[in-house]
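Participant: following is a predicted model, sequence given first.
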Protein chains: 2
Amino acid sequence: MSDPITSRADAEAADAADVLAFARSRFVLPSGVCYLDGNSLGALPAAVSAAVVDTVTREWGTDLIGSWNTNGWWTMPTTVGDRIGALVGAAPGQVICGDSTSIQLFQSLVALARMRPERRVLVTDGANFPTDQYLADSVGRLLGLDVVRVSPGEVTGVLGPEVALVSFSAVDYRTGELWDAPAITSAVHDAGALMLWDLAHVAGAVPFALDDVGADAAVGCSYKYLNGGPGAPAWIYLARRHQEALDLPLTGWLGAAAPFDLASSYRPAGGAERARIGTPPVLSLRALDAALSAFDDVDLADVRAKSLALTSLVLERAAALGLESVTPRDPARRGSQVSLRLPHAYEVTQALIARGVVGDFRAPDLLRWGFAPLYVRYVDAWDAMATLESVLETEAWRDPSYANRAPVT
Amino acid sequence: MSDPITSRADAEAADAADVLAFARSRFVLPSGVCYLDGNSLGALPAAVSAAVVDTVTREWGTDLIGSWNTNGWWTMPTTVGDRIGALVGAAPGQVICGDSTSIQLFQSLVALARMRPERRVLVTDGANFPTDQYLADSVGRLLGLDVVRVSPGEVTGVLGPEVALVSFSAVDYRTGELWDAPAITSAVHDAGALMLWDLAHVAGAVPFALDDVGADAAVGCSYKYLNGGPGAPAWIYLARRHQEALDLPLTGWLGAAAPFDLASSYRPAGGAERARIGTPPVLSLRALDAALSAFDDVDLADVRAKSLALTSLVLERAAALGLESVTPRDPARRGSQVSLRLPHAYEVTQALIARGVVGDFRAPDLLRWGFAPLYVRYVDAWDAMATLESVLETEAWRDPSYANRAPVT
C-alpha cells in the first residue's frame, strides 16, 4: 500500500503516479463536477456516441433488416455477455446480456429452484436490494417455497437439507460491505444447495472469480461501474456445468433451439443461449459494447488497488472528522463505495450536489458515494471530503431548498 | 375505394394523390430499396438520430444521474406508453412501455389467470407466434393450467366454465389474417373468461380500439410498424378497471408503490405503473419516443385505407399471375401484409432482396411482405410485383447463392 494521503498535495501526487490515470480520458465528464455516483449511473464513455450513431444511421437506416446477420446484431447478447464475463471471472459461453436485473433474477431463481425440487426453502438477505427480495418472494410464491432472510455473514445458521438455493448480493448496496463469496458459496454447496450471486455493485469495480468460486448462477446490471448507460441491459451467468439441465421459465422465442423453425412447442437452445428471451435491445447493447472498451488493457488488480486507496482516503478523513461510516474499514470487507451515516443526510446530499459533489442518498440516513477508479481521481475524493466538511461546518445544508425531495434521487 | 391500379402509371397517380405522401419524408430510406419488411423491422424515422445523440451526450454525459428527474427519464415508460396507447385505442394511464413482448406476455398471462383462480384452462392459438405459445405453456405449467390451442375463428367451440383466459394475436404473423376482435372479446367475456390481445402486427398499421373492444390486457412490440428500432421496448396495456386488482409476477422494484423507500416487502404502485419492472431502457425509449413523432398529425383511417389499397394491389397482381396467397382477399379480414405461398420461397425471397425488394421468408413456404403506409409507396408495391414476376419467369431464384441460408432471415 502507498502512504496515506493527508493533504491535497498528496492527492495530486497520487494522481500523478496513478497507473490508471490514462483511463479518465476515455470518459466524457462535465467540468466542475466531482462525480461519485458511478455506482448508480456510470459516467459516459467517450466511445459510446459514435457507436450508437453508426448503429442508428448505417446499420438500422441503411442496412435495415439485414443487419441481424451482417452487422452482428443477432450475436450481441453473447458477444457483449462474454465481454462482461471477462470482468467477473467467467470463461466465454456462460453470460448472456439483455433484459433487466429483475428479469434475470426471476430466470435464475426459478431455474435453480427447479434443480432442487425436493427442497422447499429459498434464502435471501433481508438487507438485499429490494428487487432481489421482491423477486425472491414472487418466485417463492409461484413455486411454493418458503423465503428465509438472513445476513450473508450468518448464512451457515440457516443452511440445511430444506434449502434449495441462496441468493445474495456480493456487495451490500447500502453499506458497501463485500461478503466472502468463496466461503459462502462453499458452505452453501456443502449443504447441497445452489448459490446465486448478484454482482450489481461488483462488476467493473471489484475483481470477482465466478468460475473459481463455483457460483451456480449470477446476475448483474451494467449501468453502474460498467458504464453502459441509463437502463443498460442486465446480464445472467449460468455455470457451464448446469446449462443443459437448466429449465428456465421465461421461454422467449430467441431462447429456443431453432427460433426460425417457428415451432409450437419450446425446445431450449444448447448452452447459455437458452437464457435469451425476446428480441435483443440492439441500440442499448451497442452503447454498452462501446462502453466496455473503457476497460481495454485495464488490469482489474489496479482497479481494486485504486478503489481501496480512494475509499481509504475518504474513510480516514471521515474518521478524523468524527463522522460515522457504515462501510467496513477492513479493505477485505469493502466494495468500492463509502456510506456515511449523517443527521439530515438527505439535505447534506443535496447541498453537496449543489456544490458539484454528486453522490446519492439512501433512506433513512445515508450519504452514499461510489468510486469508479477509471475516472475518479484522488483529488476528487479529497475535494469531496473538503466540501462535505465545509457543508457540515457552515450548516449550509439548512438552506430550505435542499429539503425539497425530488421523486427520484 | 379508388379505382384499381393496373399499370405503373396508375401507381404513380395514386402516389401523387396520396394524403399520406408527406409522411415518407419523415423516414430515412436507402436509395434503390423497396422496403417491404417493416412488419419485422420498421424503417428509421429521421427524428431518431438527433434525439439519441442528445440523450447520450447532454442528458447522460452532462446531466448524469440528475436526468432521472430533470430530463424525464423516470416517467418515460408512461409517457411513451401513452403515445402508443393513442395508436391502439387506449386512453392514457393504461399502457407501460418497456421490456420485451415475451416478458409482457408472461406478466399479463399470469396476472389475468390469477383473476380467475377457480378456472384451469388457458386458451391460445396453435398458429400464434411462437413466443406467445411458449409463454402460455410456461405460465400454464407454473400455475397448473391446461393450455388449449384453437384458431381464433373457432374459439367459441372451446369456451366454457373452465376457461380462465384467452390469448390471441389480432393479426396472424404468418398469413396476415385480421381476426374479429370485438366479436371474439365479447364471446370470451360472455363465457366469464378474460381476453389478452397481442397487437404486434396491428400497432401503427391497423386501427384498433382496445378500450371500446373491452380487452382486459394487451401487449405488443414497437419495432415493427411503430418503427422504434431493433429490439425496441415492448408495451403492456392493462385495462383501467382491473388495475388495482392485478397481481403481477415480475415484481421489480420500479413497480413498487414507493421504490426509494427501499422496503423489504413489495407493495405495488397504483394504476398501470405496477407493470414497471426494472430500470427503464432510456436510450431505447428515447429512440422510440422520437420514432413515434412520425405519426404526428396522421389519421389512422388514412393509414388503414392506404394499407388496404397497397395490399389489394399486390393481391390482384398475384391473382393475375396465378400465385397462391394465404392472406385473405376480404379487406375486413386482412392486416397490413401479404403472404404468398411459393415453391422455393426461400430462394425467391433472396433473389428479390438481391434486386432491392426486401421482404422476408417464413417457413416452410411463404414470401411475406409488410406494407407500412407511412413510407411505402404505390410504385413500391407495383415494382415489387414486377420484380417478383421477373424472378419467377426467368427462374433467377435458381442461382445457387440464394440457397445459402443465413442464421436469421
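Facilitator: Looks like it came in fine.

Participant: mind listing what's buried along the lengthiest helix in chain A?
Facilitator: In chain A, with assignment by DSSP state H, the single longest helix is helix A:300-320. By neighbour count on 16 or more other C-beta atoms under 10 Å in any protein chain shown, the buried set for helix A:300-320 is A:300, A:303-315, A:317-318. For the C-beta atoms, the positions are set from N, CA and C on the backbone; glycine is no exception.

Participant: got it, and stretch A:327-342?
Facilitator: Of the residues in stretch A:327-342, A:Thr327, A:Pro328, A:Pro331, A:Arg333, A:Arg334, A:Gly335, A:Ser336, A:Gln337, A:Val338, A:Ser339, A:Leu340, A:Leu342 count as buried by neighbour count, 16+ other C-beta under 10 Å.

Participant: likewise stretch A:53-66?
Facilitator: Judged by neighbour count using 16+ other C-beta under 10 Å, the buried positions of stretch A:53-66 are A:Val53, A:Thr55, A:Val56, A:Glu59, A:Trp60, A:Gly61, A:Asp63, A:Leu64, A:Ile65, A:Gly66.

Participant: next one: stretch A:362-379
Facilitator: The neighbour-count check on stretch A:362-379 (16+ other C-beta under 10 Å) flags A:362, A:365-379 as buried.

Participant: just give me the closest of those residues to chain B.
Facilitator: Of all the buried residues of stretch A:362-379, A:Arg362 has the smallest distance to chain B: 6.8 Å, by C-beta to the nearest C-beta.

Participant: what's around A:Ser31, how many residues?
Facilitator: A count of nearby residues for A:Ser31, using other C-beta atoms under 10 Å in any protein chain shown, gives 6.

Participant: for it, give its distance to chain B.
Facilitator: Distance from A:Ser31 to chain B, counting by C-beta to the nearest C-beta, to the nearest Å: 10 Å.

Participant: so where's the stretch 1-150 of chain A shaky on pLDDT?
Facilitator: In the predicted model, the stretch 1-150 of chain A carries pLDDT under 70 at residues A:1-2.

Participant: show me where the stretch 51-200 of chain A has its strands.
Facilitator: Secondary structure of the stretch 51-200 of chain A (DSSP state E, counting those that start in this stretch): strands at A:95-97, A:121-124, A:146-149, A:163-169, A:194-198.

Participant: who are the contact partners of the residue nearest to the spatial centre of chain A?
Facilitator: Per C-alpha atoms, centre = their mean, the C-alpha nearest to the average position across chain A is that of A:Ala200, at 2.0 Å. By C-beta atoms under 8 Å, 6 or more residues apart in numbering or on different chains, A:Ala200 lies in contact with A:Thr101, A:Phe129, A:Ser169, A:Val171, A:Tyr173, A:Val219, A:Gly220, A:Cys221, A:Lys224.

Participant: one more: A:Val56?
Facilitator: A:Val56 makes contact with A:Leu283, B:Leu44, B:Val48, B:Ser49, B:Val52, B:Gly229, B:Ala287, according to C-beta under 8 Å, 6+ apart.

Participant: now for the buried residues of stretch A:327-342, which pair is the farthest apart?
Facilitator: Greatest spacing in those, by C-beta to C-beta: A:Pro331 and A:Leu342 (23.0 Å).

Participant: follow-up on the earlier one: neighbouring contacts of the longest helix of chain A?
Facilitator: Identification of contacts with helix A:300-320 by C-beta under 8 Å, 6+ apart yields A:1-2, A:4-5, A:11, A:14, A:18-20, A:87, A:176, A:204-207, A:325, A:327, A:329, A:331, A:334, A:336-338, A:340, A:369, A:371, A:373-374, A:376, A:378, A:381-382, A:384-385, A:389.

Participant: so which of those are in helices?
Facilitator: Under the assignment DSSP H, those contribute A:Ala11, A:Ala14, A:Leu87, A:Tyr378, A:Ala381, A:Trp382, A:Ala384, A:Met385, A:Glu389 to helices.

Participant: what is the burial count for the fifth one?
Facilitator: Spelled out, it's A:Ala381. By the criterion of other C-beta under 10 Å, A:Ala381 has 25 neighbours.

Participant: surely it and A:Ala11 touch.
Facilitator: Yes. When contacts are counted by C-beta atoms under 8 Å, A:Ala381 is listed as touching A:Ala11 (7.0 Å).

Participant: below-threshold pLDDT in the stretch 301-409 of chain A: ranges please.
Facilitator: Short version for the stretch 301-409 of chain A, where the test is pLDDT under 70: A:406-409.

Participant: I figured A:Phe295 was touching A:Gly204, is that so?
Facilitator: Yes. In this structure, A:Phe295 is within contact of A:Gly204 by C-beta under 8 Å, at 7.1 Å.

Participant: show me the common contact partners of the two, please.
Facilitator: When contacts are counted by C-beta under 8 Å, 6+ apart, A:Phe295 and A:Gly204 are jointly contacted by A:Leu87.

Participant: for B:Ser100, see how far away the nearest residue to A:Trp235 once chain neighbours are set aside is.
Facilitator: Distances taken as C-beta to C-beta, 6 or more residues apart in numbering or on different chains put A:Cys97 closest to A:Trp235, at 4.6 Å, once the chain neighbours are dropped. The gap separating A:Cys97 from B:Ser100 is 13 Å, by C-beta to C-beta, to the nearest Å.

Participant: neighbour-wise, which of these two wins?
Facilitator: Just comparing A:Cys97 and B:Ser100: by other C-beta under 10 Å the higher neighbour count belongs to A:Cys97, 31 against 27.

Participant: and the residue of the stretch 1-150 of chain A found nearest chain B, what does it touch?
Facilitator: Nearest to chain B, among the residues of the stretch 1-150 of chain A, is A:Ser100, at 2.6 Å (C-beta to the nearest C-beta). The contact partners of A:Ser100, taken as C-beta under 8 Å, 6+ apart, are A:Cys221, A:Gly231, A:Pro233, A:Ala234, B:Asp99, B:Gly252, B:Ile277, B:Gly278, B:Thr279.

Participant: relative to chain B, how far out is the second one?
Facilitator: Going back to what we said before, that points to A:Gly231. Applying C-beta to the nearest C-beta, the value for A:Gly231 to chain B is 4 Å.

Participant: then the third one?
Facilitator: A:Pro233 is 7 Å from chain B, where distance means C-beta to the nearest C-beta.

Participant: with distance to A:Met115 added, can I get the buried residues of stretch A:53-66 in JSON lines?
Facilitator: As requested, the buried residues of stretch A:53-66 are exported to JSON lines (distance: C-beta to C-beta, whole Å):
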{"residue": "A:Val53", "distance to A:Met115": "44"}
{"residue": "A:Thr55", "distance to A:Met115": "38"}
{"residue": "A:Val56", "distance to A:Met115": "41"}
{"residue": "A:Glu59", "distance to A:Met115": "39"}
{"residue": "A:Trp60", "distance to A:Met115": "40"}
{"residue": "A:Gly61", "distance to A:Met115": "45"}
{"residue": "A:Asp63", "distance to A:Met115": "42"}
{"residue": "A:Leu64", "distance to A:Met115": "42"}
{"residue": "A:Ile65", "distance to A:Met115": "38"}
{"residue": "A:Gly66", "distance to A:Met115": "40"}
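
Participant: quick one: which of those is nearest to A:Val358?
Facilitator: The shortest gap between A:Val358 and any of the buried residues of stretch A:53-66 belongs to A:Val53, at 26.7 Å (C-beta to C-beta).

Participant: follow-up on the earlier one: I'd like the contacts of A:Val56 written out as TSV, with secondary structure, distance to A:Leu143 and neighbour count added.
Facilitator: As requested, the contacts of A:Val56 are exported to TSV (DSSP: H, G, I helix; E, B strand; the rest coil; distance: C-beta to C-beta, whole Å; neighbours: other C-beta atoms under 10 Å in any protein chain shown):
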residue	secondary structure	distance to A:Leu143	neighbour count
A:Leu283	helix	35	27
B:Leu44	strand	43	26
B:Val48	helix	42	27
B:Ser49	helix	45	19
B:Val52	helix	40	24
B:Gly229	coil	36	29
B:Ala287	helix	37	33
